[in-house]
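Trainee: Below are the sequence and a predicted model; questions follow.
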Amino acid sequence: MEDSVGKTKKKLGRSLDFAVILFTLALSLCVGLIGYITYYKGMIKSYKRYEVAALKLAVSDFDWNAVEKEIASQKEGDALKKLRARLDYVKSATNVTWLYMIEPLNENQVDNMKYICTGNTLDDYQGYAARGEKPVFLGKLTGTEFPPNIAKKYLDFYKNSKPGDYWFFPNNTEWGYVFSTSLIVRNSAGKPLGVMSVDINMTDIEATMRVFPIVVCAASILLGAIFVLILTLWLKRRVIRPLKDLQKSAFDFVSKASGDDVKSLWFDDPKITTQDEIQSLSNSLIDMAAETKRYMQKLLDETAERERISADLNVAAQIQNDMLPHIFPGFPERTDFDLFASMNPAKEVGGDFYDFFFVDPDHLALVIADVSGKGIPASLFMVISKTIIKNRALSGNIPSPAQVLHDANNQLCEGNEASLFVTVWLGILDLNTGIVTAANAGHELPAIRQANGAFEFYKDKHGFVLAGMENLNYEEYQFTLQKGATLFVYTDGVPEATNASQELFGMDRLLQALNIEPSATPKELLPIVRSQVDEFVGDAPQFDDLTMLALKYNGRD
């Protein structure tokens, strides 16, 4: 036997290592992604709060009515100077990127916004001076700073927002990616004057956010590698190695079990001490191996016994077959009749039997019978029944079939502790006249085909079965076989043959089978009937013995 380990395409240890590594990598990526999303959302939430605080500081406790007047006159006075000073202070204190108040005008490609005031730090003012520019002033148009889609959002917020509403908006501008928070500035009557917005440049933050998941994943992979190493060593010690030892013991046991030497069959204890399910599995396999050894020994003993019984049954079947007339033609010197019979038991031996013998040179006795049950008990009862019936039929000159059955019944009832019984049809044919004198002890109806006719069942008088009750009387009846007529008798295994659908072959199909070939001889007729039964039954197992006897009466010149 080849080593089963060599046949295995995949190793458990490698599979576990691969699974752990794959799981660790997936976990690391998930941790990095979740950490990134969580951190990003936290940062955005923090910046929202930060920008809202800056806006509140910029707009709270201020005289917006005065600012409204200067906006209307488009002349910067004390109110706007104070507003500029406050915005400069808020921007310097909060370190936001941009702080400005604008009035949305339209959704054009250019000049869609108008500045009201902006906040600048000292560095911003120095930068303006170095470039020879002036800070943004009241009424300055935005030019191309705001694309139409952004201008539309500002205009919608300006027209449709409610007092106290904030607008949070991430925006890609020509100066970079910014996160904006806006609030509508209103006068004391609630009239909107403009949009106060604060921007924080997110470029540096985005760069940090891109690095964050890489760092988290790298750290997770490093820690995962350490975890994988420790877990792999633990798995090999606590799982893989014990399973390999258990596999080797099982393979050795199977190799030994392939022969018939049960005494050498032994399961080597791998001595697993893991104190877990693997040790429990090992103990179970040891117990199972011991039970298998006992079972194999019992199986060998039973096989030997079955072989002995089978040999005895074969001998019994041969003896039973030899007891029945099985050489045909049985009387080759006789031309006044032609006879053929067959018996196919459902088991090795059966309970059906047939017989034919001369009572005198002018009278032929025909017997067909069916013992209840199957197997050896039925075959033994069949031997007794056949012997008693034949001996009684030969004990007088021309016996009476009814008297033969009466006497045989009383003898079979004696000591019948197994309560077996037998159905019998017995007929005595007068070869001079073709007259059949018969008696029926619970057996099937005979079928008769007169010359140039078709088979029909003969409705005879039934008596009770033999060995069922003592001192029973049986009635005789007679019918005449014309020259060329055929008599067919059988056991119930023929009409009661059953197919896979639990349908019976039945009397109608039997009659059809008998009439398939009107000119068939007895030797040809029985195979025709048997083939029809086999075709009907198909693959279903044979349920009962199949026994048939046919006689064609040719008459005497």
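Mentor: Received the coordinates, thanks. Note that the coordinates shown come from a computational prediction; the quantities given were computed from them, not determined experimentally.
Trainee: Burial check on residue 436, number of neighbours?
Mentor: Residues contacting residue 436 under the criterion other CB atoms under 10 Å number 24. In this view, the C-beta of every residue, glycine as well, is placed from N, C-alpha and C.
Trainee: what are the phi and psi angles of it?
Mentor: The phi and psi values for residue 436, taken as degrees, to the nearest 10, are phi -110, psi 120.
Trainee: Which residue ranges of the stretch 451-557 of the chain form strands?
Mentor: In order along the chain, the stretch 451-557 of the chain carries the following strands (DSSP state E, counting those that start in this stretch): 456-457, 462-463, 476-480, 485-490, 546-553.
Trainee: For residue 163, find the nearest of those strands.
Mentor: The minimum distance between residue 163 and these falls on strand 546-553, with 105.8 Å, by CB to CB.
Trainee: quick one on the thing from earlier: mean pLDDT lowest for which of the strands of the stretch 451-557 of the chain?
Mentor: Here the lowest mean pLDDT among the strands of the stretch 451-557 of the chain goes to strand 462-463, at a mean of 92.
Trainee: Which strands or helices does it pack on?
Mentor: Helices and strands in packing contact with strand 462-463 are listed as strand 435-441; criterion 3 or more CB pairs under 8 Å, 6 or more residues apart in numbering; DSSP states H and E.
Trainee: Name the residues of the strand it packs on that are buried.
Mentor: Of the residues in strand 435-441, those with enough neighbours to count as buried (16 or more other CB atoms under 10 Å) are 436, 437, 438, 439, 440, 441.
Trainee: Please enumerate the helices of the stretch 351-500 of the chain.
Mentor: 375-393, 401-413 (DSSP state H, counting those that start in this stretch).
Trainee: what ranges do the helices span in this structure?
Mentor: With DSSP state H as the criterion, the chain has helices at 4-7, 12-59, 64-73, 78-94, 122-131, 148-160, 203-235, 241-257, 277-323, 375-393, 401-413, 506-514, 522-537.
Trainee: quick one: residue 158 and residue 106 touch, right?
Mentor: No: using CB atoms under 8 Å, residue 158 makes no contact with residue 106, being 11.3 Å away.
Trainee: Those two - which one has more neighbours?
Mentor: Neighbours around residue 158 and residue 106, counted as other CB under 10 Å, are more numerous at residue 158. The numbers are 20 against 12.
Trainee: so how far is residue 376 from that one?
Mentor: According to CB to CB, to the nearest Å, residue 158 stands 110 Å off from residue 376.
Trainee: per-residue confidence at residue 381?
Mentor: Among the per-residue scores, residue 381 holds a pLDDT of 88.
Trainee: And it, how far from residue 547?
Mentor: When distance is defined by CB to CB, residue 381 is 15 Å away from residue 547.
Trainee: buried sites along stretch 488-507?
Mentor: Within stretch 488-507, the residues scored as buried using 16+ other CB under 10 Å are 488, 489, 490, 491, 492, 493, 494, 495, 497, 498, 505.
Trainee: How about residues contacting it?
Mentor: Surrounding stretch 488-507, the residues in contact under the criterion CB atoms under 8 Å, 6 or more residues apart in numbering are 346, 352, 354, 366, 368-370, 423, 425, 427, 443-449, 455, 457, 509-510, 514, 525, 529, 532-533, 536-540, 542-550.
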